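Colleague: fold the following for me, if possible:
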Amino acid sequence: MRRLINRHPSRRMKILLGALPFILAVAIYAIAADARGADGPDKLMPGLNAITSAMSRLMFDIDRATGARLFWADTWASLARLGVGLGISAVIGLGLGVPVGFIPCLRALFEPFFAALSLIPPLAVLPILFILFGLGELSKTVLIVFGIAPFILRDVMLRVAEIPREQIVKAQTLGASSWQMILGLVLPQVFARLISSVRLSLGAAWLFVIAAEAITAEAGLGYRIFLVRRYLAMDVILPYVLWITLLAFAMDYALRQAHDAIPWTRFKEGG
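Modeller: Residues are numbered from 1 along each chain as shown. Predicted coordinates for the structure are as follows:
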């Protein structure tokens, strides 16, 4: 007897089924916007034509004040902040998480501190960061790092603790020093977990970028959203939110592909 649980869609069918909810959402929005705009333009739910016109202007027209195409300038500004923050956080997570998680004395010394640090709400210290580092790019980068580096750090430490003790004993039997074990035994097994930790931090990183840009910035996706909200410009806000979602999805997909490209992750899943 064929049961529903045993029916698996083909690759083409997966793509179609995955796209169907988005198509339905756009169709429902278009119908609702046309209904609301029957008596005139509706600022809260603009039609697809209004959204297309607004985005065409931002994407292709050069702004007189800045001399740039605002949509692409905002995208680059936000991605640059996000990339720098994620990169620094990954380096901190790997550079501190591996030795602290591997060496018992370091773990006893720093683990409680890192645990407490990860529990501090990053947005609560945002005013402090602006006071200490000013209103420029440095404070935005520090906010991202402060928000996600402790999570990545603790996740890497946990992965180091999961390494079987037998492997460590065998490495010591073969004469490996602590740093040789870190480089040859721990790092290869932790790198895939680092990529997964960065993936899980993407949502929080975008939140901190947008929060920082909403308070002080001259360009950025979050800056533009909060700039035009005073005019109820939903024809700009909605596409920007969708664009942020698309960028986050693309970054998540790229990180997932990088994770799956590591040979020993496939071996572990298959074996």
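
Colleague: give me the distance from the host helix or strand of Ala192 to the chain's centre.
Modeller: Assigned by DSSP states H and E, Ala192 belongs to helix 187-215. Averaged C-alpha coordinates place helix 187-215 at 5 Å from its chain's average position (Cα atoms, centre = their mean, to the nearest Å).

Colleague: and stretch 179-188, by the same measure?
Modeller: How far stretch 179-188 lies from its chain's middle: 28 Å, per Cα atoms, centre = their mean.

Colleague: check stretch 76-89 too.
Modeller: The answer for stretch 76-89 is 10 Å, by Cα atoms, centre = their mean.

Colleague: tell me the contacts of Phe146?
Modeller: Residues in contact with Phe146 (Cβ atoms under 8 Å, 6 or more residues apart in numbering) are Ile120, Pro122, Val125, Leu129. Every C-beta, even on glycine, is put in place using the N, C-alpha and C of the backbone.

Colleague: just curious, which of these is nearest to Pro239?
Modeller: Nearest to Pro239, judged by Cβ to Cβ, of these is Pro122 at 27.5 Å.

Colleague: now a ChimeraX select for only the buried ones of the contacts of Phe146.
Modeller: Entered in ChimeraX, the line below selects the buried ones among the contacts of Phe146, by 16 or more other Cβ atoms under 10 Å:
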select :122,129
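
Colleague: quick check, nearest of the contacts of Phe146 to Ala68?
Modeller: Leu129 (27.3 Å).

Colleague: let me know whether the closest one touches Ile144 as I believe.
Modeller: No. Between Leu129 and Ile144 there is no contact under Cβ atoms under 8 Å: 10.4 Å.

Colleague: next helix or strand past the longest helix along the chain?
Modeller: In the chain, with assignment by DSSP state H, the single longest helix is helix 70-102. On the C-terminal side of helix 70-102, the closest following helix or strand by DSSP H and E is helix 104-118.

Colleague: so after that following helix, what's the next helix or strand?
Modeller: Remark: after helix 104-118, the chain's next helix or strand is helix 126-133, criterion DSSP H and E.

Colleague: for that following helix, buried residues please.
Modeller: Leu126, Leu129, Phe130.

Colleague: and for Arg107, the neighbour number?
Modeller: Arg107: 17 surrounding residues under other Cβ atoms under 10 Å.

Colleague: how near is it to Arg199?
Modeller: Distance, Arg107 to Arg199, by Cβ to Cβ, to the nearest Å: 25 Å.

Colleague: likewise for Pro112?
Modeller: 27 Å.

Colleague: okay, these two: which has more neighbours?
Modeller: A count of neighbours by other Cβ under 10 Å puts Arg199 above the other of Pro112 and Arg199, at 17 against 10.
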